[in-house]
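Engineer: Any chance you can model this:
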Amino acid sequence: MKLVASLTSPFARKVRILLLEKQIPFELVVDIPWNSDTQVPLHNPLGKVPVLVLESGETVYDSRVIAAYLETLPGRKFIPQYDVARIAVLRLEALADGIADAAAAVFIERKRPPVQVSDDWIDRQMLKIQRGLAGLSVWLGSRMYFVGDDVTLAEIAAVSTLGYLDFRFPELDWRQSHPALANMALRMELRVSVQQTQPVA
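Structural biologist: Coordinates of the predicted model:
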């Protein structure tokens, strides 16, 4: 199978980490959706990455659907089977993805011509990021893991988003404000899958 992705997308990184953790062979096809020569719309009508291209040629998108699909394949499971824990992990994935959505929106807005940039829009997105980080931090509390006693999709989604914040918004210094998240990220950063998927411009 192939994964069409950019090397900076936190959503693509989440999927790349899952593939590596589950030891599923794949070919990484790097494509930047913003480039004029992008091939992404051929795989996803919305023109977004990541896209998983199966051996049959069928495509799977977006990252949450890809993660759910990967759970159907052999290998370690990262989404709990039972309802309460399952919903908790999926909720945390949605929260982490929402933070990444807001961060990406700010990054794109700042690339517009200065006269077109909306400071109010940026402020609203930054507030989402701050509230989202606080939500993750409160959920984690003093525990090592968000749900249960091992790494789940929640940690993978969170570390992908936090890595994106480090990459695009180092001035946020979220580690100082949220030490529990910082400790979780440090533990995750020891994993080979996380080390091999660091965002690259």
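
Engineer: List the buried residues in stretch 71-85.
Structural biologist: Of the residues in stretch 71-85, 71, 78-80, 85 count as buried by neighbour count, 16 or more other CB atoms under 10 Å. Where you see a C-beta, it was placed from the backbone N, CA and C, and this is true even at glycine.

Engineer: hmm, who's touching that stretch?
Structural biologist: Stretch 71-85 has contacts (CB atoms under 8 Å, 6 or more residues apart in numbering) with 18, 21-24, 67-68, 86, 88-90, 147-148, 151-153, 156.

Engineer: Stretch 117-124 now?
Structural biologist: Stretch 117-124 is touched from outside by 105-106, 109-110, with contacts defined as CB under 8 Å, 6+ apart.

Engineer: ok, now stretch 25-41?
Structural biologist: Contacts made with stretch 25-41 from outside it, assessed by CB under 8 Å, 6+ apart, are listed as 1-7, 16, 19, 47-49, 51-53.

Engineer: how is this structure carved up into domains?
Structural biologist: 2-70, 83-191 (automatic domain parsing).

Engineer: quick one: which of the contacts of stretch 25-41 is most hemmed in?
Structural biologist: Neighbour counts for these (other CB atoms under 10 Å) peak at Val51, which has 28 neighbours.

Engineer: any chance of the domains of the chain in a markdown table, with distance to Ala201 and mean pLDDT too?
Structural biologist: Supplementary listing: these in a markdown table, determined by distance: least, CB to CB, whole Å; pLDDT from 0 to 100:
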| stretch | distance to Ala201 | mean pLDDT |
| --- | --- | --- |
| domain 2-70 | 6 | 97 |
| domain 83-191 | 8 | 97 |
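
Engineer: No more questions from me, cheers.
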